[in-house]
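In: Show me the folded form of this:
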Amino acid sequence: MQRTIGVNTWVWTSPLTDESLAALAPKIARMGFGAIELPLENAGDWDAARAGELLGSLRLRPVVVGAMGPGRSLVDRAGNVPATQEYLRTCLAAARRVGASVVAGPFYAPTGVTWRMTAAERTEIVAQLQRNLRPLVEEAAVDGLALGVEPLNRYETSVINTVEQGLDALGPLLGPGLGLALDTYHLNIEEKRPDAAIRAASGHITHVQVCGSDRGAVGDDHTDWPATLAALDAAGYDGILGLESFTGENATIAVAASVWRPLASSQDELAERSLAYLTALQTD
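Out: Numbering: from 1, shown residues only. Below is the predicted model:
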C-alpha cells in the first residue's frame, strides 16, 4: 500500500512559528515529502489560516501535533484539566483552519510525568480520562476531525504505554472522533511484538509516526520495517506516515526528547534518508 510520507518540523526547530514554517515548508516539499506535522506547543505560535494557504500552495497535507508540556493533563492527578481541554480545543480549531483532519498526541498527562498506581487508582484515572476527553471527541467528530491518542513508553508516562492499554482506556470513545496515534519508537520499547500490536489496533489507527529505533533515520536501525508496513496493511491503515525526530540544537527540545548526541550527520540528511528508504520500501 502506498502511503503519504510526512515529516515533523521538530526535526529542525522548536517551537514552530510562522517564520520558521515559511522557511521549512518549501524545503520539505522540495525533498519530496507529501505531508507535514505541525506541532502547536502554545496557542498563537503560528497562524493556521496563513499556514493553510502556504501548505495548500505546496500540496503538503497537514497534521496538527499537540505537546503535553508541564501541567497539561486530562486527569486531575497530573495537571489542570480545564486548561488542557481549552488547549486541545485550540488544537482542533487550528486543524480546522489549516485543513488537517487529525490532531495527534499523548492527550492524558504531561510527557515525562510518571507515578505508581494500584489497580483501583488506574480504574479511577481511566474514568477521569474518559470523562474529560468525551466532550472533545464529540466536538472533533462534529467537525469531521479525529483526535489520535498516542501511547508513550514507560519513561515518559505511566498512563498509556501499550496499544492494549490504549484500546482498554479509550474503548467507549473510539470512533469517528477518536483513535490511536501509533509511534514506532514507543512500540519498539513497549510491545513484545510491534506488528501484532499494530494489527490489534485495526480500525482504530488515526495516525502513525515513524523513526529509527534510536530516534534517528528510518531504515538503518533494527526495526523490522517490512513487517511494520505489512501490519499496517493488515490493519487497513492508509493514512500518513509521519517522520518524528528531534533536533539537538534546541536546548528545550533536546532535553525534552533526551537527544544527547547527533542522530545523523545533519537534520536534512536524517529526513532525506528516511524518505528514501520508506519510498523504496513501499514501491518494492
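In: and Ile5, what is it in contact with?
Out: 33-35, 240-243, 275, 278-279 (C-beta atoms under 8 Å, 6 or more residues apart in numbering). Where C-beta positions appear, they are placed from N, C-alpha and C, glycine not excepted.
In: quick one: which of the residues you listed sit in helices?
Out: Among those, DSSP state H puts 275, 278-279 in helices.
In: now the strands for the stretch 1-150 of the chain?
Out: Assigned by DSSP state E, counting those that start in this stretch, the stretch 1-150 of the chain shows strands spanning 5-8, 35-40, 61-66, 102-105, 146-149.
In: Pretty sure Ala25 sits against Ala35.
Out: No: using C-beta atoms under 8 Å, Ala25 is not in contact with Ala35, being 11.1 Å away.
In: The stretch 101-250 of the chain: helices as residue ranges?
Out: 119-142, 163-170, 184-190, 194-200, 225-234 (DSSP state H, counting those that start in this stretch).
In: Among these, show me which one is buried the most.
Out: With neighbours defined as mean count of other C-beta atoms under 10 Å, these peak in mean count at helix 184-190, which reaches a mean of 21.
In: roughly how far out does it sit from the chain middle?
Out: In terms of C-alpha atoms, centre = their mean, to the nearest Å, the centre of helix 184-190 is found 13 Å from the chain centre.
In: Render the CA-only coordinates of it in PDB, please.
Out: Provided in PDB are the C-alpha atoms of helix 184-190 (Å, rounded to 0.1, in the frame of the first residue of the first chain):
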ATOM      1  CA  THR A 184       7.200   3.100  16.200                       C
ATOM      2  CA  TYR A 185       9.700   4.400  18.700                       C
ATOM      3  CA  HIS A 186       7.400   3.700  21.600                       C
ATOM      4  CA  LEU A 187       6.100   0.400  20.000                       C
ATOM      5  CA  ASN A 188       9.700  -0.800  19.900                       C
ATOM      6  CA  ILE A 189      10.200  -0.200  23.600                       C
ATOM      7  CA  GLU A 190       6.800  -1.400  25.000                       C
END
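In: Packing partners of it?
Out: Helix 184-190 is packed against helix 194-200, strand 205-210, with contacts defined by 3 or more C-beta pairs under 8 Å, 6 or more residues apart in numbering; DSSP states H and E.
In: mind putting these in TSV, mean pLDDT included?
Out: Shown next, in TSV, are the helices and strands packed on helix 184-190 (pLDDT from 0 to 100):
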stretch	mean pLDDT
helix 194-200	98
strand 205-210	98
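In: What confidence value was assigned to the nearest residue to Ser158 once chain neighbours are set aside?
Out: Nearest non-adjacent residue to Ser158, counting by C-beta to C-beta, 6 or more residues apart in numbering: Thr114, 4.3 Å away. pLDDT for Thr114: 97.
In: Next, count neighbours for Ser202.
Out: Neighbours of Ser202 under the rule other C-beta atoms under 10 Å: 13.
In: Test my guess that Glu150 contacts Gly179.
Out: No: counting by C-beta under 8 Å, Glu150 stays clear of Gly179, with 10.4 Å between them.
In: Can I get stretch 48-59 in CSV, CA atoms only?
Out: In CSV, the C-alpha atoms belonging to stretch 48-59 read as follows (Å, rounded to 0.1, in the frame of the first residue of the first chain):
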residue,chain,number,x,y,z
ALA,A,48,-3.4,28.4,11.0
ALA,A,49,-5.0,30.3,8.1
ARG,A,50,-1.6,31.6,6.9
ALA,A,51,-0.2,28.1,7.3
GLY,A,52,-3.1,26.6,5.3
GLU,A,53,-2.5,28.8,2.4
LEU,A,54,1.2,28.0,2.3
LEU,A,55,0.8,24.3,2.6
GLY,A,56,-2.0,24.3,0.0
SER,A,57,0.3,26.0,-2.5
LEU,A,58,2.9,23.3,-1.8
ARG,A,59,0.5,20.4,-1.8
